[in-house]
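>>> take this sequence and fold it.
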Amino acid sequence: MPLKHIIMVGLMACLALPVWAAPPSTSPAIDDLLRQVWESHPGIQAAQSAIDAARARSKAAGKPIYNPELEVDAERTAVNTISVGINQTIDWGDKRGARRQMGNSEVRIAQAELASLHQQVASEVLTALASYQSAQEQRQLAARYSELMSRLVETTEQRYAAGDLGQLDVALARVAYSESRMQVARREAEVASQHASLVAASGLSLSQWPSLPNPPPAPPANPQRDALLARLPQLIAQQARITNARGGIELARASRSADPTFGLRGGAEENDLLLGLNFSIPLNVRNTFTAEVTAASQQAVQVEKTLLDQRRLAASRFDGSLSVYRLTHRAWRQWQDAGQGNLTQQLSLVQRIWEAGELSTTNYLLQTGQNINTQITAAELKGDLRLAWVEWLKASGQIEAGSNHE
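Below is the predicted model of the structure:
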C-alpha cells in the first residue's frame, strides 16, 4: 500500500467521509458486461472450438483400433483355386481403453482452460474498469476544485474593485485557477487513457459503463483456502494433464503387447471345398518398446511436479492478494472512521472564514488545496481497494462470482 495512504490516515483524523456502508447488492449490469465480452472474445471462441475438437478426438479414441480385412485369392492353373478369407487383428493390450482415457482427459483439459480464460479475461476487464472508474472520480474532484478556483477569481476581482483585497490576492487566485485547469487537463487525459485500456480489454465500446462496488465488500475473515484453490481452473487443467499422462503410461504398456491376427478362409479347388485358419503375431524381439514406457512414466512425473509447483504459486498468490486486500480495506476503514467532520463542510467553513476576512487568501488556498488533495488521495485509496478486490477474486477463483456484487 502506498506510504501516502498510511500517512493520510494519521494526518486527516479530523476529516472524514460518510460512515461505512454494508456490502452492496447484486449487479446484473456487471454480469451482462462480462457475458458480452466473453461472447465476442476471439480467444474464448478459439478455446470453445478447442473443446469441440477435443470431444471429437475423444470420440475417435473410443473407436476400435483395427478393422477386419477381406482377402480374396484366385489362381488359374491346371487346378483352378479360389478362396475368400477375413482377417481380424485383436487389441490384446487394450490400447483402445488407454486412448479413451486420454481422450476424456483432453476434453477436461480444454474445458478447464476455457474456464481459466474466462476468469483471466474477466479480471482484465474488471481491473481496467476499476482504473477507469477511479480516474473518473479523480477527474470530478479536480473539476470541482477548478470550479472553486474560478469562483475565487471572480470574488477576489470583485472585492479588489471594492477595495477589500489587494492585487496580490487577485494574482494568487488567478495562478491557483490556472494550476487547477492544468490538473483537470491531466485528469481528463488519464480518463481517456484508462477508457482506451478498458475498450481494448473488453473489445466493446459502450456509451455507459457499469460501476463496480463503491466500495467493494469486506474481505472474508476465514476463507476456505484449500477448497478455493482446488477449484482454480488452472489447477484442474493440470490435474487433468496428470490423468492424461497416466493414460499415456497405460498406452505405452499396452503397446508392448503384440496384437495377434486371426483369419478364416474358405474356397474351392476344382471340386473340393477348402477351409482354413491362419494366425500371425508380431515378435517384439528387436524392439521391446520399454523405452516408450520409461519416457511416458517420466512425463507423468513431470506433470505431477508441475502441479505441485503451480499449487505452491497459487497458494502464494492467494495469501498475498488476501493480505493486500485486508490491509487496503483496513486503511480505507480507518480513513472513514478517522474523524467527525466532513470535507465538504470544512470547505464551506473555510470559505465563510475567508469571506469574513478572518483568513488570508494564501491560507485559504493552502487549506482548500489540502482538502481537495486529501479527497483525491482518498479516491486513489478507494481505487487501490477495488484493484485489490479484483486481484483477490482472481487469485481465489471467484472472479465470476465476484461480478455479482455492486
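
>>> can you pull out the low-pLDDT segments for the protein?
1-26, 339-344, 400-406 (pLDDT under 70).

>>> longest helix anywhere in it?
Ranked by residue count and defined by DSSP state H, the top helix of the chain is helix 95-161.

>>> from the contact counts, what lies against it?
Here helix 95-161 touches helix 28-40, helix 42-61, helix 167-202, helix 233-256, helix 361-395, helix 399-402, going by 3 or more CB pairs under 8 Å, 6 or more residues apart in numbering; DSSP states H and E. Where C-beta positions appear, they are placed from N, C-alpha and C, glycine not excepted.

>>> centroid-nearest residue for this structure?
Central residue of the chain (CA atoms, centre = their mean): Q120, 2.1 Å from the mean position.

>>> which non-adjacent residue is nearest that one?
Spatially, and ignoring its direct neighbours in sequence, Q120 is nearest to K394 (7.9 Å; CB to CB, 6 or more residues apart in numbering).

>>> the one you found: how many residues sit nearby?
Neighbour count for K394, taken as other CB atoms under 10 Å: 22.

>>> same thing with the one 5 residues further on?
The tally of other residues near I399 (other CB under 10 Å) stands at 23.

>>> please apply the same query to I86.
Look at I86: counted by other CB under 10 Å, it has 13 neighbours.

>>> quick one: classify it as helix, strand or coil.
Here I86 is recorded as strand under DSSP: H, G, I helix; E, B strand; the rest coil.

>>> could I get the contacting residues of it?
Residues near I86 by CB atoms under 8 Å, 6 or more residues apart in numbering: P68, E69, L70, E71, G263, L264, R265.

>>> and it, how far is that from V72?
Distance, I86 to V72, using CB to CB, to the nearest Å: 10 Å.

>>> surely L275 meets G263?
No: using CB atoms under 8 Å, L275 makes no contact with G263, being 11.8 Å away.

>>> shared neighbours, these two?
Common neighbours of L275 and G263 (CB under 8 Å, 6+ apart) do not exist.

>>> more neighbours: those two, which one.
Neighbours were counted for L275 and for G263 using other CB under 10 Å; G263 has more, 17 against 9.

>>> name whatever forms a beta bridge with the more buried one.
G263 forms beta bridges with N87, N278, as assigned by DSSP bridges.

>>> then the one 10 residues further on?
The residues paired with L273 through beta bridges, assigned by DSSP bridges, are A268.
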